[in-house]
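Student: mind looking at a prediction? Sequence and model below.
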Amino acid sequence: MLFASVAFAAEEKSCKKNCETPAPVVFFDIAGPDVEKLTDFYSRTFAWKIDLNNNIDKATTGGLGGSLLKKDIPDKIIYLGVPDVTAALQKVAAAGGTILAPRLEVKGVVILGLFKDPAGNTMGLVETVKGKIKIP
């Protein structure tokens with residue numbers, strides 16, 4: 001683990017301002033049957049600011065946007081930023097993943113897709129342009 005940290009630090013130092021991460025984590029969802037309980041837990045435990053629509057203020061998570069969702073089964077999804085959701089989903093399928101939701105545009109909000117990795121983890125993709133979430 002120490003080796004990985006040293007290697008990362010060396011790579012970070014050599015990176016100029018225009019370095020781009022190939023698929024940065026850009027958003028996350030945390031789901032459970034009781035959103036009010038989740039809101040209370042995360043706001044009291046970590047001082048996250050959560051609005052009435054269950055969106056988590058980026059300023060309280062270190063700059064990463066997130067939301068709380070109501071689902072019967074607890075879950076979490078990490079969304080990776082990619083330039084083309086459809087192309088990335090094709091790569092997912094070719095590498096042994098399972099597509100759960102093809103490219104979907106939520107007008108004025110986001111372009112996304114969902115998949116399961118080979119271990120069964122649900123993951124998301126969000127279309128980005130120069131590291132920023134693309135708003136359709």
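Tutor: Alright, I've got the coordinates.

Student: okay, now the unreliable bits of this structure?
Tutor: Where the chain drops to pLDDT under 70, the residues are 1-21.

Student: how about the helices in it?
Tutor: Using DSSP state H, the helices assigned to the chain run over residues 2-14, 35-46, 85-94.

Student: residue contacts, the residue nearest to the spatial centre of the chain?
Tutor: Central residue of the chain (CA atoms, centre = their mean): residue 79, 2.3 Å from the mean position. For residue 79, the contact set (CB atoms under 8 Å, 6 or more residues apart in numbering) comprises 25-29, 112, 123-126. Every C-beta, even on glycine, is put in place using the N, C-alpha and C of the backbone.

Student: so in terms of bridging, what pairs with it?
Tutor: residue 27, residue 124 (DSSP bridges).

Student: check residue 69 too.
Tutor: Beta-bridge partners, per DSSP bridges, of residue 69: residue 31.

Student: and it, what does it touch?
Tutor: 29-32, 35, 54, 75.

Student: what of residue 135?
Tutor: So residue 135 contacts 108-110 (CB under 8 Å, 6+ apart).

Student: out of those, which sit inside strands?
Tutor: Among the contacts of residue 135, the ones falling in strands (DSSP state E) are residue 110.

Student: any idea which of the contacts of residue 135 is closest to residue 39?
Tutor: Distances from residue 39 to the contacts of residue 135, taken as CB to CB, are shortest for residue 109 (20.6 Å).

Student: now do the contacts for the closest one.
Tutor: Applying CB under 8 Å, 6+ apart, the residues near residue 109 are 135-136.

Student: recalculate using a threshold of 10 Å.
Tutor: Residues near residue 109 by CB atoms under 10 Å, 6 or more residues apart in numbering: 133, 135-136.

Student: repeat for residue 86
Tutor: Counting by CB under 10 Å, 6+ apart, residue 86 makes contact with 102-103, 111, 113, 125, 127.
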